[in-house]
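Novice: Quick one: sequence plus predicted model below, questions after.
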Amino acid sequence: MNEIQLFYLFLYYIFLSKLIIAVILQQLFSKSNSKKRLLLTIDGTSTGSSHATLAISFLFEGVSYPLYWITRKGSKGYFSEKQHMELIEKCAKLLEPILPTGWSILLLDDGEFDGSNLQILCRDVRG
C-alpha cells in the first residue's frame, strides 16, 4: 500500500467511524429509555509507548464508544483541569444539536476529575 492509498484509507476510516457513531446514537435516542439519560465516561489512558489520551465516550448496551479525545506526548498521567474542560466543551458542542429535548447527561469519572471549575462547567453545560 502506498502513501496515497493509506491517506484515502485513513479518510474513509474517519468518515465511517463518524457514521457508525451517528447511527448508534440515533438507535440510543430512539429506544424506549425511561430515564432519557445519556451516559458518558471520561478517562485518560496510555496510547502506544510514548503518548497519553484523554477521551469522552458514551455507553450503549454495555459498550463504550469514543466521542471526542485529545492525545499528547508523554506517559499516562494527570491531565490538567483546563484540558478536561476543553474536552467537555468540545463534546458538548458535538452533542448539543443531536441530543433530544428532555434528555440529560450523566458523566462518569474517577478522582482525577475533581476540579471545582470543571464541576461548575458540567453543571452549567445543559443549563
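Specialist: Great, that's in hand. Numbering: from 1, shown residues only.
Novice: which element is the residue positioned nearest the centre of the chain on?
Specialist: For the chain, the residue nearest the mean C-alpha position is residue 56 (2.6 Å; CA atoms, centre = their mean). Residue 56 belongs to strand 51-60 when assigned by DSSP states H and E.
Novice: What helices and strands are in contact with that strand?
Specialist: Applying 3 or more CB pairs under 8 Å, 6 or more residues apart in numbering; DSSP states H and E, we find strand 51-60 packed against helix 3-30, strand 37-47, strand 63-73, helix 81-95. Quick note: C-beta positions are derived from backbone N, CA and C, even for glycine.
Novice: ok, now how distant is residue 41 from residue 2?
Specialist: From residue 41 over to residue 2 the distance is 38 Å, taken as CB to CB, to the nearest Å.
Novice: more neighbours, those two?
Specialist: Comparing residue 41 with residue 2 by neighbour count (other CB atoms under 10 Å), the higher total belongs to residue 41, at 17 against 6.
Novice: Please tell me I have it right and that one contacts residue 109.
Specialist: Yes - using CB atoms under 8 Å, residue 41 is in contact with residue 109, at 7.2 Å.
Novice: so which of the helices and strands packed on strand 51-60 comes closest to residue 103?
Specialist: strand 37-47 (6.0 Å; CB to CB).
Novice: between the closest one and helix 81-95, how many degrees?
Specialist: What separates the directions of strand 37-47 and helix 81-95 is an angle of 130 degrees, with axes from the mean of the first three to the mean of the last three CA atoms, to 10 degrees.
Novice: how far does strand 37-47 sit from the chain's center?
Specialist: Relative to its chain's centre, strand 37-47 lies at 6 Å (CA atoms, centre = their mean, to the nearest Å).
Novice: All set now, cheers.
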